[in-house]
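> Prediction below, plus the sequence it came from.
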Amino acid sequence: SVRVCVWGVTLTDTLEKYGALVLALEHRFYGASINPDGLQDQNLLFLSSQQALSDLASFHWYVTQKYELTPNNTWICFGGSYPGSLSAWFRLKFPHLVFAAVSSSAPVRAQLDFKGYNQVVAESLSNPVVGGSQKCRAAVAEAFSAVDSLIHAGQLEKLAGDFRSCKPLNGTADLVDMVSSLADIFMGAVQYNDEGVQGSSVAGLCKLMTNQSGSPYQKLMVINKMFLDSFGMKCLDSCHEDSLKELRDTNSTMSGVGVRQWIFQTCTEFGYYQTCEDSTCIFSRLMSLLPELDTCQEIFNVSRERVQEAVTFTNEYYGADHPKASRVLFVNGDIDPWHALSVLKNQSRSELALLINGTSHCANMMSSSPTDPLPLVQARKRISAQVGEWLELARKTTGEL
């Protein structure tokens, strides 16, 4: 029988095809296994991708003992997004434990100023393959330009009313939070296009931005209201002090994705700050790098210089988007903004890349659907075939499974 290690979402069809034993575990400091005091600053010092990989090595030993596994049991790691990076890095750093890895939508190159994220968002909103258009992109840009104009004119009360801010907008920090939340609607629709994560899509938003009456600014107001209503939110939280208070909260929670933990990792390992200072960005110019770095200082006492040093170290430690691993398949969708930080071309005969036209974040890891586009269907077949090739190679290397 085949043993497969899985970190993240499972590729159900492929795993069933090969009769895999599926194993999944939580990342330290996330989920149900956090100690009551686990999110305090002194404990977060032990939150890192390196520690997580060591945990996975320990988990490998535990499972091997529990199920009495032998070298004939082949381990393949799967993961998507950050867990996709971990899957590739586990193969890179512990090649004697895991035979191969499928790394989906994995931003393996850390970057402080991730301006490429919103560059891809703009390109995706203009991509007809997913229902975008140049008209849509231009309308979104015009809407946010109008928002910036009102900011510069000091019409904060109007902005607060138009976009249903929970509290009055007091100062630049609140404005940054507001425009970032508005941009998140479009960024999320692109990243999770047609995956049902946020209930929106590129085609849906572009239809609203181009086909309805009213100015682009008015259409942005409508989309914001629809977004808030879809999540049962009465108003838009634009108070920066409230955001900082939430990030300072060290009480562990079973809900959400662990915002405090993830912000800590961006400050101490990855950066990934999605800014809008590039000329191609279609959102507000207030979305700059400095507010992100200030949050690291205010919440975790991590200076701007230390964040940059951490990003540099991460890339040196893992090899960025040229990790020099073997038997790793990097899978990305060209609509996904995160693909800009992944491996997009074959690095060697065994370090391979697959870029899927018209799909977004971790789309290949979702359950198959009759409405899946042909490139996604073909990509899943290729991934499955690659897993089969690895298992055959493992059989020849170690003997019959």
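Noted; the coordinates are in hand. Numbering: from 1, shown residues only.
> drop to CA atoms for contacts and neighbour counts, all remaining ones
Fine.
> Please enumerate the helices of the stretch 1-150 of the chain.
Ranges of helices in the stretch 1-150 of the chain, per DSSP state H, counting those that start in this stretch, are 12-17, 41-44, 49-66, 82-93, 116-125, 134-152.
> Format the ones you listed as a markdown table; extra columns: mean neighbour count, mean pLDDT and distance to residue 26.
As requested, the helices of the stretch 1-150 of the chain are exported to a markdown table (neighbours: other C-alpha atoms under 10 Å; pLDDT from 0 to 100; distance: least, C-alpha to C-alpha, whole Å):
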| stretch | mean neighbour count | mean pLDDT | distance to residue 26 |
| --- | --- | --- | --- |
| helix 12-17 | 14 | 72 | 19 |
| helix 41-44 | 14 | 94 | 16 |
| helix 49-66 | 15 | 96 | 9 |
| helix 82-93 | 24 | 97 | 10 |
| helix 116-125 | 24 | 97 | 27 |
| helix 134-152 | 18 | 97 | 38 |
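> What about residue 347, how many residues nearby?
17 (other C-alpha atoms under 10 Å).
> Show the contacting residues for it.
322, 324, 353 (C-alpha atoms under 8 Å, 6 or more residues apart in numbering).
> nearest to residue 366, of the residues you listed?
Nearest to residue 366 among the contacts of residue 347: residue 353, at 18.7 Å, using C-alpha to C-alpha.
> My reading is that that closest one is in a helix; is that accurate?
No: the assignment for residue 353 (DSSP: H, G, I helix; E, B strand; the rest coil) gives strand, which keeps it out of a helix.
> Can you get me a residue count around it?
21.
> Can you name the residues bridging to it?
residue 330 (DSSP bridges).
> list the contacts for it?
Residue 353 sits next to 329, 330, 331, 332, 343, 344, 345, 346, 347 when contact means C-alpha under 8 Å, 6+ apart.
> which of the residues you listed tops the neighbour count?
Greatest neighbour count in the contacts of residue 353, by other C-alpha under 10 Å, goes to residue 332: 33 neighbours.
> ok, residues contacting the helix or strand hosting that one?
Using DSSP states H and E, residue 332 sits within strand 328-333. Here strand 328-333 makes contact (C-alpha under 8 Å, 6+ apart) with 88, 91, 100-106, 339, 342-344, 350-364.
> Now do that strand: distance to the chain's middle.
Put simply, strand 328-333 sits 14 Å off its chain's centre (C-alpha atoms, centre = their mean, to the nearest Å).
> ok, now stretch 175-193?
How far stretch 175-193 lies from its chain's middle: 13 Å, per C-alpha atoms, centre = their mean.
> List the buried residues of it.
175-183, 185-193 (16 or more other C-alpha atoms under 10 Å).
> again with stretch 294-305
By neighbour count with 16+ other C-alpha under 10 Å, stretch 294-305 contains the buried residues 295, 296, 297, 299, 300, 302, 303, 304.
> How about stretch 149-163?
Neighbour-count burial for stretch 149-163 flags 151, 156, 159, 160, 162, 163 (criterion: 16+ other C-alpha under 10 Å).
> Just list the residues touching the closest residue to residue 215 other than its chain neighbours, thanks.
Distance criterion C-alpha to C-alpha, 6 or more residues apart in numbering; nearest residue to residue 215, sequence neighbours excluded, is residue 143 at 7.8 Å. Going by C-alpha under 8 Å, 6+ apart, residue 143 touches 215, 216, 217, 218, 219, 220.
> Please read off the pLDDT at the first one from the model.
Reported pLDDT at residue 215 in the predicted model: 96.
> Next one: it relative to residue 207, how far apart?
Relative to residue 207, residue 215 is positioned 14 Å away (C-alpha to C-alpha, to the nearest Å).
> what do you get for the second one?
Between residue 216 and residue 207 the computed distance is 12 Å (C-alpha to C-alpha).
> Which of these two has more residues huddled nearby?
A count of neighbours by other C-alpha under 10 Å puts residue 216 above the other of residue 216 and residue 207, at 23 against 15.
> ok, that one touching residue 140?
Yes: here residue 216 lies in contact with residue 140, judged by C-alpha atoms under 8 Å, at a distance of 6.7 Å.
> Good, we can wrap up now.
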